[in-house]
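dropping a prediction and its sequence here:
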Amino acid sequence: MISRSNRVIRRRTVVFISLLILLLDQASKFWARSHLLPNLSQPFLPGLLQLRLVRNTGAAFSMLSDSTALLGLLSLLVSLGLLAWIWRSKRLDLWLGLALACLLGGTLGNGIDRWQLGYVTDFIELVPFRFPIFNGADIAINLAVLCFAIDALSQRHGQAKS
């Protein structure tokens, strides 16, 4: 799957990872909607995490609240753009491929919620911090940012060696 000598990841592996992220995200959201009561906190890891089911009609940090149609369209366009990027790339470096996989899986996960439900299911709450409630797709999108940063730093480091 991954060649260690030149740290390349195959396109189909990138798509597989994104589908795995999507499946885990949708399964966890289904579980949350089935087992958690809205806005009622339930301890998960005391002092660190609790579960609280909320409906998010906006984007991160409640931006664009009640803009489900616009955000759903944006999710679709970003997903199509990411798929085109993946399939048009002849070679994907490992960190870039992982970034694209996480971003695609997360974008599709939240997009499906918007298209099917009219809102995004959020249910993970950090206890020690005042931070928005989030979900698995949000985690994947944040991991994508980290992977993009690692890719950029490794590209810069590679150029400095040349």
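Nice, I can see it.

CA only for contacts and neighbour counts going forward, please
Will do.

for the chain, which spans come out with low pLDDT?
Applying pLDDT under 70 to the chain picks out residues 1-6, 60-64, 66, 157-162.

what ranges does it have for its helices?
11-35, 68-88, 94-117, 136-161 (DSSP state H).

please state the offset of stretch 80-89 from the chain centre?
Mean C-alpha position of stretch 80-89 versus that of the full chain (Cα atoms, centre = their mean, to the nearest Å) differs by 17 Å.

tell me the buried residues in that stretch?
82, 83, 86 (16 or more other Cα atoms under 10 Å).

in space, what's closest to the first one - neighbours in sequence excluded?
Okay, so that is residue 82. Spatially, and ignoring its direct neighbours in sequence, residue 82 is nearest to residue 104 (6.4 Å; Cα to Cα, 6 or more residues apart in numbering).

give me the neighbour count for that neighbour.
The burial count assigned to residue 104 is 30, neighbours taken as other Cα atoms under 10 Å.

now do the contacts for it.
With Cα atoms under 8 Å, 6 or more residues apart in numbering as the criterion, the residues that contact residue 104 are 18, 79, 82, 83.

residue contacts, the first one?
Put plainly, it is residue 18. Contact criterion Cα under 8 Å, 6+ apart gives 101, 102, 103, 104, 105, 106 as the residues in contact with residue 18.

let's see it at 10 Å
Taking Cα atoms under 10 Å, 6 or more residues apart in numbering as the criterion, residue 18 is in contact with 12, 24, 98-109, 140.

I'd like to know which of these are buried.
Members of these classed as buried by 16+ other Cα under 10 Å are 24, 98-109, 140.
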